[in-house]
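> Predicted model and sequence below, questions to follow.
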Amino acid sequence: MKLNRQQLSRLGGAVALPAYTPDMIRTGIAHIGVGGFHRAHQAVYTDALMNQGLALDWGICGVGVRSEDRTMRDALAGQDYLYTLVELGDEPNLPIRVIGAINDMLLAEESPQALIDKLADPAIRIVSLTITEGGYCIDDSSGEFLAELPAIQHDLRHPDAPRSVFGFLCAALARRRAAGIPAFTLMSCDNLPHNGAVTRKALLAFAHLADQELASWIDQHVSFPNAMVDRITPMTSAAHRQQLAAQHGVEDAWPVVCEPFVQWVLEDKFVSGRPAWEEVGVQFTDDVTPYEEMKIKLLNGSHLALTYLGFLKGYRFVHETMNDPLMRQYVRSFMDLDVTPQLAPVPGIDLTTYKDTLIERFSNQAIADQLERVCSDGSSKFPKFIVPTLHRLLADGKPLDRVALVVAAWALYLKGEDESGARYRIPDPRAEHCQALVADDAQLTARVLGEEAIFGSAPGRSLEFVAAFERCLTSLRERGVSQTLHNLLHA
């Protein structure tokens, strides 16, 4: 049965349906970057509130600024913006829900003016973002805004026909300012340290280049809450769609699958109101820093620690990698010995229990999380998830081989061939540049560790880290992943 409003009443049984109807919803949020994570996280929390008869004026209008977003828009539009959320895990009878919190989706390439109109609409009080770690146009080595990017330069020359996220945000905020419409809250839901502060820095940098008075107004009137977001959401596969249809009779063009675990810690800094997300499990705080440090260094950092080694070994799913005892022991050692000593106390969190939970989540066979997903955009993920840990280890004079192995595995992964000789693609916008770093074996160490845009200057200048990197790289080449791990863990 095709999922849409007309057919909705015919569904039932194990499939939970919205307790509200689409005509009850008014739009209050515009979300830029509608992908699996947004639909398994922010939209789900909002839907849960709506099912209680709350937040019906906080419906979500999706926004796509990339040409690739058309596929998602067409899939959702074809089923009245409804979609199915499927939780996968070892527990029996996990919920399957139809989510109706998204009620529209606009594409920038279809009508830039329509998108600016929507973002300038007084009804929009929150604009939220999942635009990936690389979408904020910040140079990871210098921390500066990348004003020279072609899309940014275009938008500075053509403010009424923008192409970039920040061009659209400034165009809409300029119109709100001119019309006396209050500003919105700009809320990042990306896995970035201090994601609100990063968003603020990027938007103000663009605005200062475009219009100094507008930049001053944004600085005074727009709020940028920091957030820690967490839910493992693998790519939806054809098998997921087929299973949903076979088991529950739901024909969904793009369901979203995810783990049962979900968490959102959010600073309560909203200039124009917000949904009562605390009623459905969101934790509001004055300072999200300890939570995001914990999550980014332990979860995201450990994801990178396992993913490139697993891929080189020939595994293609996270749970396969975690079923390998050597991999499992290595990941836990990295968490316990390298990351945990760097973390401040986290209110309400026992770190040992949190790490136990991470191991269980990574081992979730039902979710079948793809290593390719975790491997993707490594050049943007390393500076956020691994490099801070690496720099702290260097500063504290701590052992370096475990973290050096993460970097060496990535360098060897960039060769595009695993231990069995199987070839694979490198899903990274900077893949060509990154692969050029490893093309000449004689220059590999200098070029990889000299890539300050990814690693900063410290690793390449540290004789100890250079030696550790070369030990790990040589061992991976000559002995393979398993023997390298065995030797490292039993040294």
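Cool, the structure landed.
> ok, then the element right after the host helix or strand of Ala171?
In this structure, Ala171 sits in helix 165-179 according to DSSP states H and E. Once helix 165-179 ends, the next helix or strand along the chain (criterion: DSSP H and E) is strand 185-188.
> the inter-axis angle of the helix or strand following that next one versus helix 165-179?
Later in the chain than strand 185-188, the nearest helix or strand by DSSP H and E is helix 195-210. Going by axes from the mean of the first three to the mean of the last three CA atoms, to 10 degrees, helix 195-210 is angled at 70 degrees with respect to helix 165-179.
> What helices and strands are in contact with helix 195-210?
Applying 3 or more CB pairs under 8 Å, 6 or more residues apart in numbering; DSSP states H and E, one finds that helix 195-210 makes contact with helix 150-157, helix 165-179, strand 185-188, helix 212-221. Where you see a C-beta, it was placed from the backbone N, CA and C, and this is true even at glycine.
> and the longest one, what's its mean pLDDT?
Spelled out, it's helix 165-179. For helix 165-179, mean pLDDT is 98.
> For it, list every residue counted as buried.
Residues of helix 165-179 classed as buried by neighbour count (16 or more other CB atoms under 10 Å): Val165, Phe166, Gly167, Phe168, Leu169, Cys170, Ala171, Ala172, Leu173, Ala174, Arg176, Arg177.
> With stretch 409-425 instead?
Buried residues in stretch 409-425, counted by 16+ other CB under 10 Å: Ala409, Trp410, Ala411, Leu412, Tyr413, Leu414, Lys415, Asp418.
> Over to it now: how far is its first residue from its last?
16 Å (CA to CA, to the nearest Å).
> Give me the contacts around that stretch.
304, 308-309, 311-314, 372, 375, 378, 382, 426, 431, 434-435, 437-438, 444, 448, 472-473, 476-477, 480-481 (CB atoms under 8 Å, 6 or more residues apart in numbering).
> Just the buried residues of these.
By neighbour count, with 16+ other CB under 10 Å, the contacts of stretch 409-425 hold 304, 308-309, 311-313, 372, 375, 378, 382, 426, 431, 434, 437-438, 444, 448, 472-473, 476, 481 as buried.
> How many neighbouring residues does the spatially closest residue to Ser9 that is not a sequence neighbour have?
Excluding the flanking residues, the one nearest Ser9 by CB to CB, 6 or more residues apart in numbering is Leu17, at 8.0 Å. Per other CB atoms under 10 Å, the neighbour tally for Leu17 reads 15.
> Is it correct that Leu17 is in contact with Gln7?
No - counting by CB atoms under 8 Å, Leu17 does not reach Gln7; the two are 10.9 Å apart.
> Helix or strand: which one has Arg361?
helix 351-362.
> Now that helix: buried residues?
Leu351, Tyr354, Lys355, Leu358, Arg361, Phe362.
> Next, the contact list for the fifth one, please.
If I follow you right, that is Arg361. Residues in contact with Arg361, defined by CB under 8 Å, 6+ apart, are Ile232, Glu259, Phe261.
> a helix runs through the last one, doesn't it?
Okay, so that is Phe261. No - assigned with DSSP: H, G, I helix; E, B strand; the rest coil, Phe261 falls outside any helix and is coil.
> Can you report phi and psi for it?
With angles defined as degrees, to the nearest 10, Phe261 sits at phi -70, psi 140.
> That one touches Gly281, doesn't it?
No - between Phe261 and Gly281 there is no contact under CB under 8 Å: 11.4 Å.
> Can you tell me what sits against the host helix or strand of Arg328?
Assigned by DSSP H and E, Arg328 falls within helix 325-333. The contact list for helix 325-333 (CB under 8 Å, 6+ apart) reads 302, 305-306, 309-310, 313, 321-322, 355, 359, 362-363, 402, 405, 482, 485-486, 488-489.
> Run the chain-centre distance for that helix.
24 Å (CA atoms, centre = their mean, to the nearest Å).
> got it, and stretch 447-463?
For stretch 447-463, the distance to the chain centre is 25 Å (CA atoms, centre = their mean).
> residues in contact with it?
Residues contacting stretch 447-463 (CB under 8 Å, 6+ apart): 139-141, 379, 382-383, 387, 390-391, 394, 407, 411, 436-438, 440, 446, 465-466, 469.
> Could you list the domains of this structure?
Domain assignment for the chain by automatic domain parsing gives 5-285, 289-489.
> Would you work out how far apart the start and end of the shortest one are?
Read that as domain 289-489. 31 Å.
> which SSE is the closest residue to Val282 other than its chain neighbours in?
With sequence-adjacent residues excluded and distances taken as CB to CB, 6+ apart, Val282 is closest to Trp264, at 4.7 Å. If you go by DSSP H and E, Trp264 is part of strand 263-267.
> partner strands of that strand, parallel or antiparallel?
According to DSSP bridges, strand 263-267 has the following sheet partners: strand 227-230 (antiparallel), strand 283-285 (parallel).
> Pull the distance from it to the chain's centre.
Using CA atoms, centre = their mean, the offset of strand 263-267 from its chain centre is 14 Å.
> Stretch 436-452 too?
Stretch 436-452 sits 27 Å away from the centroid of its parent chain (CA atoms, centre = their mean).
> Please identify the buried residues of it?
Applying 16+ other CB under 10 Å to stretch 436-452 flags Leu437, Val438, Leu444, Thr445, Arg447, Val448, Leu449, Glu451 as buried.
> Including pLDDT, could these go into CSV?
Listed next are those as CSV, based on pLDDT from 0 to 100:
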residue, pLDDT
Leu437, 98
Val438, 98
Leu444, 98
Thr445, 98
Arg447, 97
Val448, 98
Leu449, 97
Glu451, 96
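> Okay, and which of these map to helices?
Leu437, Leu444, Thr445, Arg447, Val448, Leu449 (DSSP state H).
> Columns distance to Ala183 on top of these, output as a markdown table?
Below are those laid out as a markdown table (distance: CB to CB, whole Å):
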| residue | distance to Ala183 |
| --- | --- |
| Leu437 | 42 |
| Leu444 | 49 |
| Thr445 | 49 |
| Arg447 | 45 |
| Val448 | 43 |
| Leu449 | 43 |
